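Participant: task: produce atomic coordinates for the following.
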Amino acid sequence: MADFIRLQLKLKWGLNRNNNKASAIMTAVAALLAVAIALALVWALSFVLKTSISVSAKRLSVLYLTIIMAGLTIAATSMQIKRLYRPADLLITARFPLSPFKLFLSYLILNYIDLCIYSAVLLLPIMLVFGFAMQCVTFAYIMGILLGVILMPLIPFGLSIFIAIPAVYITTFLEKYGIVRLICFVLLLVGAFVLYNYILTILAQFFIHRNWEEGTLEIWANLLKGLDFYYNPAYYLGNVVFFDGFWLGLGVLLGASALLIGGGVALAKVVCTNLRNKALDGGNGGNERKSKVDDYGSTRAMFRYNFNEILRTKTYSYFYLGVAISTPVMVFLCNRLVTMVGEAQVGMGINFGASMLVIAVFMAMICSFTGTAISVEGKNFYITKLVPVGFRKQLFIKGLLNIAVSTVALLISAAVLAYLKFLSIEEMTVLVVTQFLLSIGLVFNGINLNLANPNLKPKANGEPEEINITYMLLIGLAIAAILGGCCIIFPRSAGDLVAPSLTDGKVSAYLIIIAVALVYAIINICIFWFTAERKYRKIEA
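Facilitator: Take a look at the predicted model:
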């Protein structure tokens with residue numbers, strides 16, 4: 001059993017020589033950037049609440065401990081489902097010289113070890129940054145954090161064992177209804193973004209205007225008071241970290257954890273055995289869909305195939321279609337925040353540039369997935385060389401599908417901004433035309449990049465390699481930043497540079513912006529048109 005646990009830990013956390021080094025580096029950079037943003041947000045929120053509300057460090061810490069504990073519970077539940085109830089390697093592990101109980105126990109230990117790692121990665125930096133913001137870092141505080149790292153995973157681990165049981169049946173049921181899962185993901189994504197945007201907005205109001213919206217302070221005071229109460233497990237963890245009611249907090253955490261883990265393991269063993277036996281007996285075969293021959297033309301068939309491929313691939317269906325569907329809501333929230341900050345720093349008349357910047361960012365996120373137009377085929381790539389459809393046409397259809405998705409998101413976002421009167425009719429027309437041309441350029445840029453850097457070996461979970469998505473996202477964000485900056489500055493100065501009046505100057509600036517986007521699109525289309533077929537033929541599956 002110990003050898004099996006070591007092997008699984010090495011597979012997940014060990015270094016693999018076959019891994020793409022560039023992908024590992026880009027993933028590390030993205031993770032560090034996300035951590036830096038999160039820590040900056042923790043410091044800013046702690047500083048603002050400390051300045052505005054008379055609150056103790058312990059009470060405010062319970063807010064972060066609650067968030068971390070909730071996140072660990074979600075992560076632990078996902079691990080329990082994947083390893084205990086729906087393991088991808090069940091047919092392999094069933095042949096291992098391990099009894100079903102030892103295998104079950106091994107997976108529980110692996111889940112707990114992973115949870116301890118996540119606890120250390122989250123709790124240590126967040127609580128240290130929080131301590132510096134609240135000026136409460138002492139030797140005792142640091143020792144309390146280290147003890148908190150050990151105790152933090154206990155309650156989430158115990159809760160996840162119980163939560164995973166109904167969750168696995170719900171997810172199994174929803175496997176038949178991909179659209180329902182997508183809707184749930186979009187709602188969660190929008191909800192998380194609304195909360196994130198709300199926190200950024202109140203921070204911006206404080207640092208720019210030094211005031212709060214009416215009722216905001218009362219909401220936060222009530223929230224902190226409600227969380228710092230005996231029914232919240234994070235309350236007892238806060239007692240341990242700050243050595244305030246230490247023995248009460250330690251006793252409750254250990255006692256509740258023992259009951260949850262003991263009862264959960266006994267119940268999970270029965271459910272896990274039943275599901276395991278059903279899967280090994282082929283109990284899921286009744287859910288297989290029967291295929292049929294459809295009398296479609298080649299173009300329609302390719303469109304349908306690529307769209308179904310998006311729905312089947314979790315990365316695509318969630319972070320591609322999910323982002324595209326939720327883009328209008330996020331564009332509105334981001335545009336309002338950027339406009340508020342921009343008007344305070346630059347002055348009025350920033351709406352056009354802010355809207356161009358925000359929408360360009362989300363267009364980049366949507367179009368970046370064409371960086372895996374070829375890679376997503378994986379081991380089935382050889383089929384694309386056998387079907388009676390030209391290589392260039394196959395890739396062109398992939399590009400058109402992505403352009404269609406991004407265009408729908410663009411038009412809805414533009415309609416939202418027009419309805420709220422963020423922009424004039426002229427500005428809205430320029431924005432839509434520019435972003436449409438930009439999306440075309442990004443889509444074919446991604447296809448060209450994937451032709452030059454195809455990776456047909458999927459990851460362990462069957463998803464396409466994301467390194468080209470990362471590259472395209474960086475390219476798109478750079479273009480969005482440059483475009484947004486030019487749209488803020490250039491229309492103001494263009495009157496002096498290229499036209500005798502401000503109105504004529506704006507028209508000239510708008511035409512230049514559209515022309516640059518058009519040139520970018522034409523260059524990438526030409527590269528695709530004249531090189532795609534030759535490059536495609538050279539790719540070996």
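Participant: what residues does residue 410 make contact with?
Facilitator: By CB atoms under 8 Å, 6 or more residues apart in numbering, residue 410 lies in contact with 359, 363, 432, 435-436, 439. C-beta here means a position set from N, CA and C on the backbone, and glycine is covered the same way.
Participant: and it, backbone torsions?
Facilitator: Note on residue 410: backbone dihedrals following degrees, to the nearest 10 are phi -60, psi -50.
Participant: how close does it sit to residue 328?
Facilitator: Separation of residue 410 from residue 328 (CB to CB, to the nearest Å) stands at 9 Å.
Participant: rewinding a little: and of the contacts of residue 410, the nearest to residue 471?
Facilitator: Among the contacts of residue 410, residue 363 lies closest to residue 471 (CB to CB), at 16.1 Å.
Participant: distance from the helix or strand containing residue 218 to the middle of the chain?
Facilitator: With secondary structure defined by DSSP states H and E, residue 218 is part of helix 216-227. How far helix 216-227 lies from its chain's middle: 28 Å, per CA atoms, centre = their mean, to the nearest Å.
Participant: tell me the buried residues in that helix?
Facilitator: By neighbour count on 16 or more other CB atoms under 10 Å, the buried set for helix 216-227 is 216, 220-221, 224, 227.
Participant: hmm, back to that, of the contacts of residue 410, which belong to helices?
Facilitator: 359, 363, 432, 435-436, 439 (DSSP state H).
Participant: format those residues as CSV; extra columns: pLDDT and neighbour count.
Facilitator: Shown next, in CSV, are those (pLDDT from 0 to 100; neighbours: other CB atoms under 10 Å):
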residue, pLDDT, neighbour count
359, 88, 29
363, 89, 27
432, 93, 19
435, 93, 27
436, 95, 20
439, 94, 27
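Participant: ok so, going back, so what touches the helix holding residue 218?
Facilitator: Under the contact criterion CB under 8 Å, 6+ apart, helix 216-227 has outside partners 49, 52-53, 55, 59-60, 62-63, 66, 202, 234-235.
Participant: can you rerun that using 10 Å?
Facilitator: The contact list for helix 216-227 (CB atoms under 10 Å, 6 or more residues apart in numbering) reads 45, 48-49, 52-56, 59-67, 198, 201-202, 205-206, 212-213, 232, 234-235, 238.
Participant: restrict that helix to CA atoms and write it as CSV.
Facilitator: Only the C-alpha atoms of helix 216-227 are listed here, as CSV (Å, rounded to 0.1, in the frame of the first residue of the first chain):
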residue,chain,number,x,y,z
THR,A,216,-21.3,49.2,2.6
LEU,A,217,-19.6,49.5,6.0
GLU,A,218,-22.6,48.1,7.7
ILE,A,219,-22.8,45.1,5.4
TRP,A,220,-19.1,44.3,6.0
ALA,A,221,-19.4,44.8,9.8
ASN,A,222,-22.4,42.4,9.9
LEU,A,223,-20.7,39.8,7.7
LEU,A,224,-17.6,39.8,9.9
LYS,A,225,-19.7,39.5,13.1
GLY,A,226,-21.8,36.7,11.6
LEU,A,227,-18.8,34.6,10.6
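Participant: could you point out which element follows it?
Facilitator: On the C-terminal side of helix 216-227, the closest following helix or strand by DSSP H and E is helix 233-241.
Participant: against which helices or strands is that following helix packed?
Facilitator: If you count contacts as 3 or more CB pairs under 10 Å, 6 or more residues apart in numbering; DSSP states H and E, helix 233-241 packs onto helix 57-80, helix 100-134, helix 139-151, helix 154-174, helix 216-227, helix 246-280.
Participant: lowest-confidence stretch among those helices?
Facilitator: In terms of mean pLDDT, the lowest-scoring of the helices and strands packed on helix 233-241 is helix 216-227 (a mean of 80).
Participant: and the angle for that one with helix 57-80?
Facilitator: Using axes from the mean of the first three to the mean of the last three CA atoms, to 10 degrees, the direction of helix 216-227 lies 70 degrees away from that of helix 57-80.
Participant: rewinding a little: reformat the buried residues of helix 216-227 as TSV; add distance to residue 136.
Facilitator: Rendered in TSV, the data for the buried residues of helix 216-227 read as follows (distance: CB to CB, whole Å):
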residue	distance to residue 136
216	24
220	19
221	19
224	16
227	18
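Participant: ok, which pair from the residues you listed is furthest apart?
Facilitator: By the measure CB to CB, 216 and 227 form the most distant pair in the buried residues of helix 216-227, at 16.9 Å.
Participant: circling back: and the contacts of helix 216-227, which are buried?
Facilitator: Neighbour counting with 16+ other CB under 10 Å marks 45, 48-49, 52, 55-56, 59-66, 201-202, 205-206, 212, 232, 234-235, 238 as buried within the contacts of helix 216-227.
Participant: how long is stretch 410-428 end to end?
Facilitator: 11 Å (CA to CA, to the nearest Å).
Participant: what mean pLDDT does it have?
Facilitator: 84.
Participant: now do stretch 180-197
Facilitator: In this model, stretch 180-197 has an average pLDDT of 78.
Participant: quick one, helices of the stretch 401-541 of the chain?
Facilitator: Assigned by DSSP state H, counting those that start in this stretch, the stretch 401-541 of the chain shows helices spanning 425-452, 467-497, 502-538.
Participant: tell me the angle the longest one makes with helix 467-497.
Facilitator: Pointing back at helix 502-538 there. Going by the same axes, to 10 degrees, helix 502-538 makes 160 degrees with helix 467-497.
Participant: the inter-axis angle of helix 502-538 versus helix 425-452?
Facilitator: Here helix 502-538 points in a direction 20 degrees away from that of helix 425-452 (the same axes, to 10 degrees).
Participant: may I see the buried residues of helix 502-538?
Facilitator: Buried positions in helix 502-538, judged by neighbour count with 16+ other CB under 10 Å: 505-510, 513-514, 516-518, 520-521, 524-525, 527-528, 532, 535-536.
Participant: and it, what does it pack onto?
Facilitator: Using 3+ CB pairs under 10 Å, 6+ apart, helix 502-538 sits against helix 351-367, helix 391-419, helix 425-452, helix 467-497.
Participant: hmm, try it at 6 Å
Facilitator: Where contact means 3 or more CB pairs under 6 Å, 6 or more residues apart in numbering; DSSP states H and E, helix 502-538 is packed against helix 391-419, helix 425-452, helix 467-497.
Participant: try the first one
Facilitator: Secondary structure elements in contact with helix 425-452, counted by 3+ CB pairs under 6 Å, 6+ apart, are helix 351-367, helix 391-419, helix 467-497, helix 502-538.
Participant: how big is the angle separating it from helix 351-367?
Facilitator: Computed with the same axes, to 10 degrees, the direction of helix 425-452 lies at 30 degrees from that of helix 351-367.
Participant: distance from the chain centre to helix 425-452, please.
Facilitator: So, by CA atoms, centre = their mean, the centroid of helix 425-452 is 23 Å from its chain's centroid.
Participant: the residue lying closest to residue 369 once chain neighbours are set aside: neighbouring residues, count only.
Facilitator: Once flanking residues are discounted, residue 369 sits nearest to residue 320: 4.7 Å by CB to CB, 6 or more residues apart in numbering. The local packing of residue 320 (other CB atoms under 10 Å) involves 23 other residues.
Participant: what of residue 143?
Facilitator: Here the number of neighbours of residue 143 (other CB under 10 Å) works out to 12.
Participant: can you check the one 4 residues further on too?
Facilitator: Here the count is done by other CB under 10 Å, and residue 147 has 16 residues near it.
Participant: one more: residue 379?
Facilitator: By other CB under 10 Å, 11 other residues sit near residue 379.
Participant: next, the angle from the helix holding residue 218 to helix 233-241.
Facilitator: Helix 216-227 runs at 80 degrees relative to helix 233-241, counting by the same axes, to 10 degrees.
Participant: now the residue nearest to residue 58 when sequence neighbours are not counted. Its backbone dihedrals?
Facilitator: Leaving aside its sequence neighbours, residue 58 sits nearest to residue 242 (CB to CB, 6+ apart; 4.6 Å). According to degrees, to the nearest 10, the main-chain angles of residue 242 amount to phi -100, psi 10.
Participant: which residues sit in contact with the one residue sitting closest to the centre of the chain?
Facilitator: By CA atoms, centre = their mean, the chain has its centre lying nearest to residue 319, at 6.7 Å. By CB atoms under 6 Å, 6 or more residues apart in numbering, no residues touch residue 319.
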